[in-house]
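S.K.: this one's structure only:
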């Protein structure tokens, strides 16, 4: 069994355990966490900018 096959099997089992609503909610929570991490990263970049560093224009 490949890693890809094992991951797919685990995902299918989890989907059966949670049901459609639970699986959807799990995806939503994951998306919210990603959004939060992106915002934290942006704030961190803004706060750590110093002259001569950062994006080139």
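M.R.: Alright, I've got the coordinates. Owing to the predicted nature of the structure, the values given are computational and were not obtained by experimental measurement.
S.K.: which SSE is the most centrally placed residue in the chain in?
M.R.: Central residue of the chain (CA atoms, centre = their mean): residue 34, 4.0 Å from the mean position. Using DSSP states H and E, residue 34 sits in helix 3-47.
S.K.: about what we covered before: from residue 5, how far out is the residue nearest to the centre of the chain?
M.R.: With distances taken as CB to CB, to the nearest Å, residue 34 is found 26 Å from residue 5. In short, each C-beta sits where N, CA and C put it, glycine included.
S.K.: residue 27 too?
M.R.: Remark: distance between residue 27 and residue 5 (CB to CB) = 21 Å.
S.K.: and for residue 26?
M.R.: Separation of residue 26 from residue 5 (CB to CB) stands at 21 Å.
S.K.: more neighbours: these two, which one.
M.R.: Between residue 26 and residue 5, counting by other CB atoms under 10 Å, residue 26 is the more crowded of the two (13 against 9).
S.K.: count residues in the vicinity of the nearest residue to the more buried one once chain neighbours are set aside, would you?
M.R.: With CB to CB, 6 or more residues apart in numbering as the criterion, residue 26 has its nearest non-adjacent residue at 6.3 Å, and that residue is residue 18. Neighbour count of residue 18, defined by other CB under 10 Å: 13.
S.K.: then residue 33?
M.R.: Close neighbours of residue 33, defined as other CB under 10 Å, add up to 10.
S.K.: the one 5 residues further on too?
M.R.: The burial metric for residue 38, expressed as a neighbour count using other CB under 10 Å, is 10.
S.K.: could you measure from residue 19 over to residue 26?
M.R.: Look at residue 19 and residue 26: by CB to CB, they are 11 Å apart.
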